[in-house]
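[1] following is a predicted model, sequence given first.
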Amino acid sequence: MSEQVWVSYLELTQAPPAAPAREGSERIARERLDTASYLELYRRVGAPWRWDRRLKMSAESLDELLRGERLETYVLRQAQGTALGWCEFDRREFPTLELTHFGLVPAAQGRGLGPWLLATSLARAWRGVQRVWLHTDTWDHPAALRCYERAGFRVYERRFERVELL
């Protein structure tokens, strides 16, 4: 079974500004998550938005991807260590990066953490980078497109695409 969604492709072609300082106990760090932790966070963040790309991967393929050097992952955690969200870049086509996953668990939304996570992750990942691109669609959080545009991304293409349902 499949469905059509409106997909927006965005790009950032100049270095982002430094991320603003933020008061609060949350922290952002580059991490390499193990497969179980990754899938738990993926499900907590992505379930409301029908994320399934990583769920369709074999356990071996996902484990290999997470252990490799291709992904650069920044995790937002509360002071007690609980993951609240993450921003993931695929460096396969360096100096172009694809922002493959970005989001917060529902309980962390609406507190300004998303824009802060995005800005911080972009600033840290931008080492020798010429372009970061991503796609978002009508299934994503209603504020996603606006958040990306405020971070400096510009739409370069929009189109309907067929999505296969899990």
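    Everything's here; your move.

[2] how close does A108 get to R154?
    27 Å (Cβ to Cβ, to the nearest Å). In this view, the C-beta of every residue, glycine as well, is placed from N, C-alpha and C.

[3] Q80 too?
    Q80 is 38 Å from R154, by Cβ to Cβ.

[4] who has more neighbours, the two?
    R154 (10 against 6; other Cβ atoms under 10 Å).

[5] show me the contacts for the more buried one.
    Counting by Cβ atoms under 8 Å, 6 or more residues apart in numbering, R154 makes contact with L10, E11, L12.

[6] now R124
    So R124 contacts R30, Y74 (Cβ under 8 Å, 6+ apart).

[7] what's the helix or strand for it?
    Per DSSP states H and E, R124 falls inside helix 113-125.

[8] what separation do you get for the residue minimising distance to the centre of the chain and E23?
    Nearest to the mean C-alpha position of the chain, by Cα atoms, centre = their mean, lies F102 at 1.9 Å. The span separating F102 from E23 equals 22 Å under the rule Cβ to Cβ.

[9] swap in E157?
    38 Å.

[10] with neighbour numbers in mind, choose between those two.
    E157 (11 against 5).

[11] and for R53, the neighbour number?
    Neighbour tally, R53, other Cβ under 10 Å: 11.

[12] distance check, A15 against V7.
    Distance from A15 to V7, by Cβ to Cβ: 26 Å.

[13] what do you get for A144?
    On the measure of Cβ to Cβ, A144 and V7 end up 12 Å apart.

[14] overlap of the contact sets of these two?
    Joint contacts of A144 and V7 (Cβ under 8 Å, 6+ apart) are T136.

[15] who's more crowded, the two?
    A144 (20 against 17).

[16] residues contacting the residue lying closest to that one once chain neighbours are set aside?
    Among residues not flanking A144 along the chain, T136 sits closest, at 4.8 Å (Cβ to Cβ, 6 or more residues apart in numbering). Taking Cβ under 8 Å, 6+ apart, we find T136 in contact with V7, S8, L10, A144, L145, Y148.

[17] next one: L62
    Contacts of L62 (Cβ under 8 Å, 6+ apart): T35, Y38, L39, R54.

[18] same thing but 6 Å
    T35 (Cβ atoms under 6 Å, 6 or more residues apart in numbering).

[19] how far away from the center of its chain is the helix or strand where it lies?
    Element membership for L62, per DSSP H and E: helix 59-67. Its chain's average C-alpha position is 18 Å from that of helix 59-67, according to Cα atoms, centre = their mean, to the nearest Å.
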